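1. generate coordinates for the sequence data below:
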Amino acid sequence: MQAIRTKYHGFTNFKPSRVTATAEAGKITLSWEHGFDVEDNHRRAALALVRKLGWDKECYQPLVTGGFPDSYVHVFPSKYDATVTLSREQQEKDAALIASLPKK
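-> Presented below is the predicted three-dimensional model:
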């Protein structure tokens, strides 16, 4: 499994604000959703890339997010690490983020 790095790109004269999610296997760009906070926009982009690459069918661990000053990094813990769990609140937020994604 690969780490996913997400980065915010401010608006220009030609493009709206957006966030990109990049892994070695691919990349996706989503428009910034002003109804979500900063971390949720980054998680939304990471989850969109997970779905695009088909990783949602092979990963059953929660997506863990950490931040750098200019970006976020998202990883799936090892399938052997049973100590990582998401709160019910985060699970519900992730479900809402996934539901907000454009259809495949």
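2. residues making contact with the helix or strand hosting residue 97?
-> Counting by DSSP states H and E, the element that carries residue 97 is helix 88-100. Contact with helix 88-100 is made by 33, 36, 40, 43, 44, 47, 51, 62, 63, 86, as judged by C-beta atoms under 8 Å, 6 or more residues apart in numbering. Every C-beta, even on glycine, is put in place using the N, C-alpha and C of the backbone.
3. neighbours of the closest residue to the fifth one other than its chain neighbours, just the number please.
-> The reference is to residue 44. Among residues not flanking residue 44 along the chain, residue 97 sits closest, at 4.3 Å (C-beta to C-beta, 6 or more residues apart in numbering). Using other C-beta atoms under 10 Å, residue 97 is surrounded by 20 other residues.
4. against residue 12, how distant is residue 97?
-> Distance, residue 97 to residue 12, using C-beta to C-beta, to the nearest Å: 25 Å.
5. could you do residue 67 as well?
-> 24 Å.
6. what of residue 20?
-> 14 Å.
7. those two: who's more crowded?
-> More crowded of residue 20 and residue 12, by other C-beta under 10 Å: residue 20, with 17 against 9.
8. let me know the secondary structure of residue 11.
-> Per DSSP: H, G, I helix; E, B strand; the rest coil, the local secondary structure of residue 11 is coil.
9. residue boundaries of the helices in the protein?
-> Using DSSP state H, the helices of the chain run over 38-52, 88-100.
10. which residues does the residue positioned nearest the centre of the chain contact?
-> The centroid of the chain falls nearest to residue 46 when counting by C-alpha atoms, centre = their mean (2.0 Å). Neighbouring residues of residue 46 by C-beta under 8 Å, 6+ apart: 4, 6, 21, 63, 65, 72, 74.
11. how does it look with 7 Å?
-> Taking C-beta atoms under 7 Å, 6 or more residues apart in numbering, we find residue 46 in contact with 4, 6, 21, 63, 74.
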